[in-house]
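[1] Predicted model and sequence follow; I will ask about them next.
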Amino acid sequence: MSRVIGIDLGTTNSCVAMIEDGQPVVIPNTGGYKTTPSMFAVTEDGKRLVGHLAKRQAITNSKNTVFAAKRLIGRDFDSPEVTKARTLLPYELIAGPNNDTRVQVVDRVYTIPEITGLVLREMKRVAEEYLGEPVQEAVITVPAHFNDAQRQTTRDAGRIAGLEVLRIINEPTAAALAYGRGRTESERLAIYDLGGGTFDISILQLGDGVIEVLSTAGDTNLGGEDFDRRIVEYLLEKFEEKEDASLREDAMALQRLKDAAEKAKCDLSEVNSSEVNLPFIAADDDGQALHLSVVLERAQLEQLVADLIERTRGICDRALKDANLEPGDIDQILLVGGQTRMPLCQKQVAKFFGKVPNKGVNPDEVVAVGAAIQASMLGEDQPGPLLVDVTPLSLGIATVGGHFARIIERNTTVPTARKEIFTSTRDNQRAVKIRVLQGESEKASENDLLGEFVLTGVRPAPKGEPEIEVTFDIDANGIVSVSAKDLATNQEQSIQVNPRGTLSPEELEKLTEDYASDEVAAKG
Amino acid sequence: MGSHARPENDLAAESAADGEDAVAEATSSAPARQLGVEIPAALQAEIRQFARGLVSMDYYEVLGIARDVDEAAIRRAFFERSKRFHPDRYFNKQMGVYRELLTEIYKRIVVAHEVLRDQHLRKDYAKRLDLPRRPASEKPRPSLRSRKGLRVPNAALHRLGQQVETGRKKARQHFQEAMITKERGDWQRSVELVRLAITFDPREKSYHDALAELLPRVNLELASELRRKAQVLLARDDSAAALPFFEDAAKLEPTDAELANLVGVCALNVADLKKATEYTERAISLEENNPSFRKTRARIYRAANQPEEARRQFQRAWELDPLDEEVKAELARR
């Protein structure tokens, strides 16, 4: 039987792990690193690079180096997130046929699942090289607050990478699986996961051999990259004050600044002051070289990002409220994601929960380890902790006046089924349209549409009289089915909500084949 | 792991349990490793039993707990049930209809836990449970007394009636699907579905008749599949692996002498002389004049240190097939 791997697909870095002889192993790449940059680039001579190779040439080739593609997964081109990203990213975003977001790299347009797939394929390759045998199946982690389209797009990316994705699990949940492995005592756990691009908080109950997710909350657009941007902005302003020149149009200078900002941020987790020194960053109108040199203090950094960390508090509150708990009810707090190395972050978490966070896990690797544990449980029939998960977002239907009627509340344990009775809004109404939505807004239009269908053959009656029973069902794989039934006539209509990624089935099929033959060619 | 799926205080399950026993009887010849369903027969029966009970079980019964337990006990019960009935536990197993049943069971476990772990919901639920379930217009009737003199609340009786009705309906659905599946030629699944129908409505004779008609055909199909697998293993000299497959096949086809002999050969190879004797004797009684069965018997005697008996059997084999060089050599050995 071939092995099943766990992949933590991160915004900045990705990590792959597996269970070997009953022990989790984080697999190093050929360079010896246990994490690989989630980056993709095409060089001028048309060579494709992934991981460290892509990162190494990012400064000189910033227009054709794609990073943080995870923040674009499943997002419409005209969404506020993408509109904002277009002003910030050095690479070029364009609109795809379904209003999806794509990237122009050198002379070709790449879809987001494709770029993500190339990163996943690199992780697959790392595992195969280590094992000396092919790998076909994987469990992949995503932020807890990814919606259906984002999850499906991640699955599609897995397929393009030549992987059968057994399950998509949430990053904080994976961290809890890694922590809970081999523990038998009953504990309540909070996972505070501040990664490169997303923030999640999950509350879990551990017991003998079971890990139950009680609640989860998050923000898919809050992470270390935002911290870096604050620093870049600060450095740009300092430079403009001093030189009366701007670097904002200079892609290479911006890439150097971004790298320097990230490095300074990491330094400031260890020391109190860090000097950002970028000589020859630009030239003035007379051709005179300009240098950037700014000393950044930890206090200054903390001031720059304080509101970002503050934003996580409100989300923690919501997760606790959904779990019916107070901060004091939590026994252990786990910090996950590189950004939690920041002392201010740790301080604020400790303050919120009234407890010092647990330092026992590696924040960069714990998610991949958890994915590997779930992978071996599902794929190889290994005994492991059983994960009892929840649905992260509410599900319901649109009702008259554009309201959203929740049928399954967020944080409901899955698999589950719920029913509710609805009625007609007009006299002698013969058909009812059921629009299936996912999200937390009271307004139907602000939630994601998962699918729709029409129930016909409703018994003619005065408005408000017919009883139409709507049933929502979520199975263990997270697949949603919805049915509607007129209780008077037993007329029934149902759909399985096929989660839709951003690619059409034909395009996905074509890309999968293209990359499969591409891989054979590369090996042969 | 115990059989905690069976509700301790489940009135309905008790009243209908005889039906389930009858089914167990009828299908006891089914092999342990069903090719279509990769979970043990005992677990299959447990799942069927639980699924049938669902209609009448209240949330406490679904979790298998008493009404007055505390929060920690509810959680423990939920975790125990999850370990047994969460569909992920059997993710890479062939489950046939059992996956759907398991999911149905687990969904109820989820709802039961959700209600009982929340103080307010639990209180409301407890109140509702104690309310008699009948139209408000009806005059309250005195509660009936059961044989043991215990008060049986009307609600429980009502639920019992409801359970029988819903059970029949479900049984019909399963049976209809079974017949469609049969038309498509998927015998194994069809049998599973008929078994389910019987679990939900044990007294319907036509279901038992259908099962009686289907079983021999499925058994034949299964037996030949098992036999084929076993022969591959035996060809690889792996008697230990082949033995259980041959044994299951032989249980399905108890009148196949050749199969009984093969079980005997494998059992002898793994030095299980008792089993070897039993099956070889059966082969001989089915087909007295088969020299290979005698040869097997002879070798078993020899392994049991009974050279005289062994010689007699070789002698008989030689009489039946005087050209067998192997037997001649054996007889000449002394």
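    All right, it came through fine. Numbers count the residues shown, from 1 in each chain, chains lettered A, B, ... in the order given.

[2] got a list of what B:Arg302 touches?
    Listed by Cβ atoms under 8 Å, 6 or more residues apart in numbering or on different chains, the contact set of B:Arg302 reads B:Ala310. Any C-beta I mention is one placed from the backbone N, CA and C, and that applies to glycine too.

[3] tell me the SS of it?
    Assigned with DSSP: H, G, I helix; E, B strand; the rest coil, B:Arg302 falls in the helix class.

[4] tell me the contacts of residue 271?
    No chain specified, so I'll use chain A. A:Arg298.

[5] Switch to chain B, please.
    Here B:Ala271 is in contact with B:Ala303 (Cβ under 8 Å, 6+ apart).

[6] how does it look with 10 Å?
    B:Ser239, B:Ala303 (Cβ atoms under 10 Å, 6 or more residues apart in numbering or on different chains).

[7] Report the secondary structure state of it.
    Classified using three-state DSSP, B:Ala271 is coil.

[8] Can you say which helix or strand has A:Asn490 in it?
    Per DSSP states H and E, A:Asn490 falls between elements, in no helix or strand.

[9] For it, give me its contacts.
    A:Gly457.

[10] For it, give its distance to A:Gly457.
    Distance, A:Asn490 to A:Gly457, using Cβ to Cβ, to the nearest Å: 10 Å.

[11] can you check B:Arg172 too?
    23 Å.

[12] backbone phi and psi for A:Val4, please?
    phi -110, psi 130 (degrees, to the nearest 10).

[13] surely it meets A:Lys124?
    No - with contact defined as Cβ atoms under 10 Å, A:Val4 does not reach A:Lys124; the gap is 11.5 Å.

[14] quick one: which of those two has more around it?
    Neighbours per residue (other Cβ atoms under 10 Å in any protein chain shown) separate A:Val4 from A:Lys124, with A:Val4 holding more: 28 against 23.

[15] Give me the distance between the residue lying closest to that one once chain neighbours are set aside and A:Gly6.
    Nearest residue to A:Val4 in three dimensions, chain neighbours excluded: A:Gly379, at 3.4 Å (Cβ to Cβ, 6 or more residues apart in numbering or on different chains). Look at A:Gly379 and A:Gly6: by Cβ to Cβ, they are 10 Å apart.

[16] Same drill for these two, tell me which one is more crowded.
    More crowded of A:Gly379 and A:Gly6, by other Cβ under 10 Å: A:Gly6, with 35 against 24.

[17] partners of the one helix or strand the more buried one maps to in the sheet?
    Secondary structure assigned from DSSP H and E places A:Gly6 in strand A:4-8. Here strand A:4-8 is paired, per DSSP bridges, with strand A:13-20 (antiparallel), strand A:137-142 (parallel).

[18] between A:Gly379 and A:Gly6, what contacts are shared?
    Contacts common to A:Gly379 and A:Gly6, judged by Cβ under 10 Å, 6+ apart, are A:Ile19, A:Ala138, A:Val139, A:Leu166, A:Arg167.

[19] quick one: low-confidence ranges for chain A?
    Along chain A, segments meeting pLDDT under 70 span A:1, A:381-382, A:519-524.

[20] hang on, the earlier thing: and B:Arg172 and A:Gly457? Which one has more around it.
    B:Arg172 (15 against 12).

[21] pretty sure A:Leu487 is touching A:Leu455, no?
    No - between A:Leu487 and A:Leu455 there is no contact under Cβ under 10 Å: 11.6 Å.

[22] where do the contact lists of the two overlap?
    Shared contacts of A:Leu487 and A:Leu455, defined by Cβ under 10 Å, 6+ apart, are found at A:Ile468.

[23] Those two - which one has more neighbours?
    Taking other Cβ under 10 Å, A:Leu487 and A:Leu455 do not tie; A:Leu455 has more neighbours (20 against 12).

[24] Show me the beta-bridge partners of the more buried one.
    With DSSP bridges as the rule, A:Leu455 is bridged to A:Val432.

[25] Can you name the residues that contact it?
    A:430-434, A:468, A:470, A:483-486, A:491-494.

[26] Same question for A:Thr101.
    A:69, A:71-79, A:81-82, A:85-86, A:93-95, A:111-112, A:502.

[27] Please, a ChimeraX command that selects the buried ones among those residues?
    Selection of buried members from these for ChimeraX, criterion 16 or more other Cβ atoms under 10 Å in any protein chain shown:
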select /A:69,71,72,73,74,75,76,77,82,85,93,111,112,502
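
[28] Relative to B:Ile47, how far out is the residue most central in space within chain B?
    Nearest to the geometric centre of chain B sits B:Ala41, at 3.1 Å (Cα atoms, centre = their mean). Using Cβ to Cβ, one obtains 11 Å as the distance from B:Ala41 to B:Ile47.

[29] now do A:Glu507
    Taken as Cβ to Cβ, the span from A:Glu507 to B:Ile47 is 41 Å.

[30] the more surrounded of these two?
    A count of neighbours by other Cβ under 10 Å puts B:Ile47 above the other of A:Glu507 and B:Ile47, at 25 against 19.

[31] List the contacts of the more buried one.
    By Cβ under 10 Å, 6+ apart, the contact list for B:Ile47 reads B:5, B:39, B:84-85, B:90, B:95, B:97-99, B:101-102, B:104-105, B:196, B:199.

[32] pLDDT score for the residue nearest to the centre of chain B?
    We have a pLDDT of 85 for B:Ala41.

[33] Relative to A:Leu204, how far out is it?
    Relative to A:Leu204, and taking Cβ to Cβ, B:Ala41 is found at 35 Å.

[34] do A:Ala149 as well
    Going from A:Ala149 to A:Leu204 by Cβ to Cβ gives 26 Å.

[35] which one of these two has more residues nearby?
    For A:Ala149 versus A:Leu204, neighbours defined as other Cβ under 10 Å are more numerous around A:Leu204 (30 against 21).

[36] what bridges to the more buried one?
    The partner residues for A:Leu204, given DSSP bridges, come to A:Leu189, A:Val213.

[37] Could you name the helices and strands sitting against the helix or strand harbouring A:Leu254?
    According to DSSP H and E, A:Leu254 maps onto helix A:251-267. Packing contacts for helix A:251-267, counted by 3 or more Cβ pairs under 10 Å, 6 or more residues apart in numbering or on different chains; DSSP states H and E, involve helix A:224-243, strand A:273-283, strand A:289-297, helix A:298-322.
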